[in-house]
Structures are given as C-alpha cells and as structure tokens.
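Enquirer: Provided below for reference: sequence and predicted model.
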Amino acid sequence: MPSNRHTPRSVLVTGGAGFIGSNYLLAAVPTQTAVRFVNLDALTYAGQRENLMSLEDLPNYAFQQGDIADRGLVERLFESHNFDTVIHFAAESHVDRSILDPLAFVRTNVLGTATLLEVARQRWKSRGDVRFHHVSTDEVFGALGPEGFFTEDTPYAPRSPYSASKAGADHLVRAYHETYGMPAVISNASNNYGPLQYPEKLIPLVIQNAVSQDPVPVYGMGENVRDWLHVLDHCEAIDRILRSAPDGTTYLVGGGEERSNMDIVHLLLDLVDEALSREAGSSRRLVRFVTDRPGHDFRYALDGSRLAADLDWRPSRSLEQGLRETVAWYLANPEWLEQTRSRTYDEYYTTQYRDRIDAGNPIQAR
Ligand code: NAD
Ligand code: TDX
C-alpha cells in the first residue's frame, strides 16, 4: 500500500461555506481539535456562512470572506496563519450556469486555483511537510457511453465550460507538482448528494419541487446516468487522501451507485410522497421532459479500485438509505431551503427552469 503520511496542522480551506466544504468542516473542525482551520469563502450565491454557525465559537476555526483570486488577501492569510495544508473546494460548480456565464468559471476555477498555487509555492519553497489538495470532478474525463468506467489514467476530455475550467485547474496543480515539486494531490469525485446542497442541482431541486408540488424538469429523456456519492463518504475520502496518498497522485472517488436521472427522480418523488403521507406515486405526475442541456454528458461512472487498493477506502452509505436521510434533512429544514433560494435564485430560476418548463421538449414522448 503506497502511503506518504501528511499531518495537517494549519489548514486553509477554500469554499468552505458551500455544499461539500460545509459538510467537510462540520465533520472535521469539532473532531480534529489539534488542527486549525481557516475558511476562505467569497460567499457567492452558493455560499452560506450560516451553515457553519455552530463552528464559529470553536478555537480552531476562523472564517474569512474573500476571493481566492485576490492574491494580496491570500498572501496575508498565509503570512498570518503559516498554513501547511490547502484543501481547495472553492469553485463555480454548476454546469448549467457555466453555459450561461463561462468566464466566471474560468476566473474562479482557473485563475483562482493558479493564485492559490502561486502563493503556496512562494511561501512553501521546498518544504516537504506541506500539501495542496485539489477537490476536483470526474467531469474532466468527458462522457462515457453505456459501458466502461473512468480510471485515473483516462485522458482528459472535458465538454462543458465548467469541466474545462476544472480540468485547467487539475493541469495547473499537476504542473506545480512536476515543475516545482509542490506536494500536491488531486481527487476526482462523482456526483455528490446530501444535506446543504444548493437547490439548483438535481437532487435538492427535485425534493424542493416535490414538496411544493411544482413541475420537475428532466433534461432530454432522463436517460443520462450519474454515479451518486454521499457527501460524507466524499469528505472521509478527502481526509484519507490528504493524509495518506503519495505526493503527485490522483484518486477517483465514486459512490458505486449508477442510476439514470429518471430512476433518481422517481425514487425521490416516491420518498417525498411517503414522508408526507401522500398517495404512493402521486408526485410522478410532476415530471416534465424539457429541452436537453447543450453538450449533456451521457454517463459518468468511476472505477474506484485504486483508492480501495492503495488506501483501503470504499463508500459506506447505500444510495437508497442516503437518499432517504437526505429527503428527511430537507423536510426538516424548510427555512434553509427558503433562505438559500432567495439568494440570487430568481433570475437563474427564470432562465434555466421556468422558461424550460414553459417551452416543453420538442422530442417529448412517454
Ligand atoms: P458549491 O457551489 O456548493 O460551493 C462553492 C463554494 O465556493 C461556495 O461557498 C462559494 O461561495 C465559494 N466560492 C465560489 N467562488 C469563489 C471565489 N472566487 N473565492 C472564494 N470562494 C468562492 O460547490 P460544491 O458542490 O460544494 O463543490 C465544491 C468543490 O467540489 C468544487 O470544486 C467542485 O468542482 C467539486 N466537486 C463537486 C461535486 C458535486 O457533485 N457537487 C462533485 C465533484 C467535485
Ligand atoms: O433540473 C434538472 N434536470 C435534469 O434532468 C437538473 C438541475 C439536472 N438534470 C440532469 C442533468 C444531469 O444529467 O441531472 C443530472 C445531474 O445534474 P446536476 O445536479 O446539475 O449535476 P451534474 O451536471 O452531473 O454535475 C454535478 O456533479 C459533478 C455537480 O454540479 C458538479 O459540480 C460536479 O463536478
């Protein structure tokens, strides 16, 4: 088992007020009490400081609002906190938004990552007891057909502005490792789900609309396939990779739970009906087939055998159980959904959701 222990002591977490970063910090800060965490987050529409209120009084946690592409700010933070670790979550993360506004994705995901790497390089010089962990996506590998899996050796072939910008960030991280010897690792994960996910993404959107009995937009014919990973499984994998992976390696993190979008949507609608004691299956009538996402990747599926073999990590949560708990979390937190939606959601909702529903789908069937 290749292993290269890294012991974080002073950690810069970027994007910690977003979905995965919040889940990571809520798990790590109270349990890793010897580690100091600074959360740098711009609080875009996707970031909510309120997610982390329970951490604000803890002595090993601090929040800093700011932009990862602000070099002066990142330098000052490195100066004050002498970070030995960067866990880089911050990104523009939604594929549909990247189609509307690609430059915002290039700025944060490429220039922002480059800024973090450059400041870290200048501060760390040739230190060996440091590590830069880029939290990346399986979308950098492009789209699969009905068969096969991505591996760590699959050539990059991103197809959306989002995935191209994440691929650019991955390449920069690798370049800093190869060129300057920066101790760095990359994890490419599949689709995450769980509490605190912004309701532009499929799973919280379906739950939200099932509760309010609004139409549920399914792109194309709902045949696209995703491999679903519980966010807490992902966070545990990040910690394992951060602490034990050899420098310069990449690991794929998958949930091993492939489903078509139609299957996921039906499962969620049925779970909400069950939880709210509605007639079984009654919410399925909310489904609307709408115009497909341009360049919509057909299928993502990961071969997680390298992570299992090298670091003995496998996902531990089943999709059915994870979705049941996720539905229960959103039903128990209606004010979180309300507050989150109110942040710049309306304009996006009109262009991406309402217009699509109104237009219907030219290839509508079923
Ligand atoms: P998210 O959109 O929920 O959160 C992103 C966070 O980054 C927000 O808090 C936002 O305020 C912050 N941010 C955005 N631009 C910033 C900037 N310029 N400076 C500082 N902070 C900024 O995203 P997420 O779903 O939590 O994803 C986190 C990371 O994991 C991303 O890098 C994403 O590419 C990657 N990832 C996500 C998934 C998934 O399914 N959600 C899967 C694989 C990889
Ligand atoms: O309303 C919808 N209807 C629909 O059919 C939405 C929002 C999505 N979809 C489809 C598109 C995808 O095939 O559902 C699937 C999942 O869509 P998203 O939730 O937008 O996720 P995806 O595009 O697969 O990307 C996600 O996983 C990988 C994250 O947003 C990325 O940040 C991550 O890197």
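Expert: Yes, it's here. Ligands and ions are numbered 1, 2, ... in the order given.

Enquirer: the stretch 101-250 of the chain: helices as residue ranges?
Expert: For the stretch 101-250 of the chain, the helices identified by DSSP state H, counting those that start in this stretch occupy 102-105, 113-124, 161-180, 202-212, 231-244, in order along the chain.

Enquirer: for Asp153, the count of nearby residues, please.
Expert: Each residue near Asp153 was counted by other CB atoms under 10 Å, and the total is 8. (Glycine included, C-beta is placed from N, CA and C.)

Enquirer: could you number the chain from 720 rather than 1 from now on?
Expert: With 720 as the first residue, the last one maps to Asp872.

Enquirer: and it, what does it touch?
Expert: Taking CB atoms under 8 Å, 6 or more residues apart in numbering as the definition of contact, Asp872 has no neighbours.

Enquirer: that older thread, want to try a markdown table for the helices of the stretch 820-969 of the chain, with mean pLDDT and distance to Arg1033 as columns?
Expert: Supplementary listing: those in a markdown table, determined by pLDDT from 0 to 100; distance: least, CB to CB, whole Å:
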| stretch | mean pLDDT | distance to Arg1033 |
| --- | --- | --- |
| helix 821-824 | 97 | 32 |
| helix 832-843 | 98 | 29 |
| helix 880-899 | 98 | 23 |
| helix 921-931 | 96 | 22 |
| helix 950-963 | 98 | 9 |
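
Enquirer: between those helices, which gets nearest to ligand 1?
Expert: Across the helices of the stretch 820-969 of the chain, the minimum distance to ligand 1, taken as CB to the nearest ligand atom, is reached by helix 880-899, at 5.4 Å.

Enquirer: quick revisit: adding distance to Leu988 and mean neighbour count, write the helices of the stretch 820-969 of the chain out as TSV.
Expert: Converted to TSV, these look like this (distance: least, CB to CB, whole Å; neighbours: other CB atoms under 10 Å):
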stretch	distance to Leu988	mean neighbour count
helix 821-824	31	16
helix 832-843	37	20
helix 880-899	27	20
helix 921-931	5	22
helix 950-963	21	21
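
Enquirer: dump the C-alpha coordinates for stretch 1009-1025 into CSV.
Expert: Written as CSV, here are the backbone C-alpha positions of stretch 1009-1025 (Å, rounded to 0.1, in the frame of the first residue of the first chain):
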residue,chain,number,x,y,z
VAL,A,1009,-37.6,19.7,-21.2
THR,A,1010,-35.0,20.8,-23.7
ASP,A,1011,-31.8,19.0,-23.1
ARG,A,1012,-28.7,20.6,-21.6
PRO,A,1013,-26.3,21.5,-24.5
GLY,A,1014,-23.4,19.1,-24.6
HIS,A,1015,-25.1,17.0,-21.9
ASP,A,1016,-22.6,14.3,-20.9
PHE,A,1017,-24.4,10.9,-21.3
ARG,A,1018,-22.8,8.9,-18.5
TYR,A,1019,-20.3,9.2,-15.7
ALA,A,1020,-19.0,6.1,-13.8
LEU,A,1021,-15.9,5.6,-11.9
ASP,A,1022,-13.6,2.7,-11.2
GLY,A,1023,-12.6,3.3,-7.6
SER,A,1024,-10.3,0.3,-7.3
ARG,A,1025,-7.1,2.3,-6.9
